[in-house]
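# Based on what follows, work out the 3D shape:
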Amino acid sequence: MQIKDCFYVGKIVRKFSFKGELIIKVNSDYPEIITKSESVYIPVGDTLVPFFMDKTNWQKALQYRVKFEDVDSEADADTILNKKVYLPNTMLPKKTGTDFYKDEIIGFKVEDIQFGYVGILRGINDHTPQTLFEVEDENGVILIPVNDVFLKEINREKKLIIVETPEGLLDLRL
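Take a look at the predicted model:
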């Protein structure tokens with residue numbers, strides 16, 4: 001399995017017990033998907049290795065407690081602590097229309113209905129009261145609110161996002 005065939009689920013953030021249990025902080029886009037899998041993939045060197053889950057439980061919001069097969073001690077747990085966790089892309093339900101997964105649309109070209117080419121989507125900021133597209137062009141970064149008013153279309157085949165922004169918004173660069 002290669003990373004290009006997978007999506008990021010979360011990160012192993014801490015140990016839970018002396019018996020090798022760990023806490024995965026799950027990406028907010030995929031909280032329910034991890035519960036449908038028997039294993040996850042964790043990078044070991046340059047390879048993604050499957051780790052099979054013996055016991056799982058939600059610890060609290062977006063924190064998933066896991067006991068992996070063959071991880072039976074604190075020392076075993078230390079070897080995968082702070083590692084990213086992945087699942088195969090085939091597990092993702094397909095999104096349509098303007099529904100999207102954050103990882104799915106990064107790198108898409110962004111065009112405005114009235115103003116034309118805006119730039120390339122480099123990130124999505126969801127740590128603000130309103131989610132923002134971070135669109136980069138040769139002059140800097142433009143923040144575009146993600147809502148039904150501005151976001152008009154996502155064309156996955158063309159890797160294109162169509163927006164309709166009010167006059168002046170595209171002049172505001174970081």
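
# contacts, neighbours, all on C-alpha from now
Will do.

# Quick check: the residue nearest to residue 92 when sequence neighbours are not counted vs residue 7, distance?
Once flanking residues are discounted, residue 92 sits nearest to residue 33: 7.6 Å by CA to CA, 6 or more residues apart in numbering. Using CA to CA, to the nearest Å, one gets 11 Å for the distance from residue 33 to residue 7.

# how about the CA coordinates for the lengthiest strand in the chain, as PDB?
Ranked by residue count under DSSP state E, the longest strand found in the chain is strand 47-60. What follows is strand 47-60 as a C-alpha-only set of coordinates in PDB (Å, rounded to 0.1, in the frame of the first residue of the first chain):
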ATOM      1  CA  THR A  47       6.500   1.600   3.800                       C
ATOM      2  CA  LEU A  48       2.900   1.700   5.000                       C
ATOM      3  CA  VAL A  49       2.400  -1.300   7.300                       C
ATOM      4  CA  PRO A  50      -1.100  -2.600   8.300                       C
ATOM      5  CA  PHE A  51      -1.700  -2.600  12.000                       C
ATOM      6  CA  PHE A  52      -4.700  -4.800  13.000                       C
ATOM      7  CA  MET A  53      -6.900  -3.500  15.800                       C
ATOM      8  CA  ASP A  54      -7.800  -5.900  18.600                       C
ATOM      9  CA  LYS A  55      -9.800  -3.500  20.700                       C
ATOM     10  CA  THR A  56     -11.200   0.000  20.000                       C
ATOM     11  CA  ASN A  57     -13.300   2.500  21.800                       C
ATOM     12  CA  TRP A  58     -14.000   6.200  21.500                       C
ATOM     13  CA  GLN A  59     -12.200   7.900  24.400                       C
ATOM     14  CA  LYS A  60     -13.800  11.300  23.800                       C
END
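
# ok, and what's touching it?
By CA atoms under 8 Å, 6 or more residues apart in numbering, the residues outside strand 47-60 that reach it are 1-3, 23, 38-43, 64-69.

# Likewise for stretch 148-162?
Contact with stretch 148-162 is made by 97-98, 105, 107-113, 144, 163-165, as judged by CA under 8 Å, 6+ apart.
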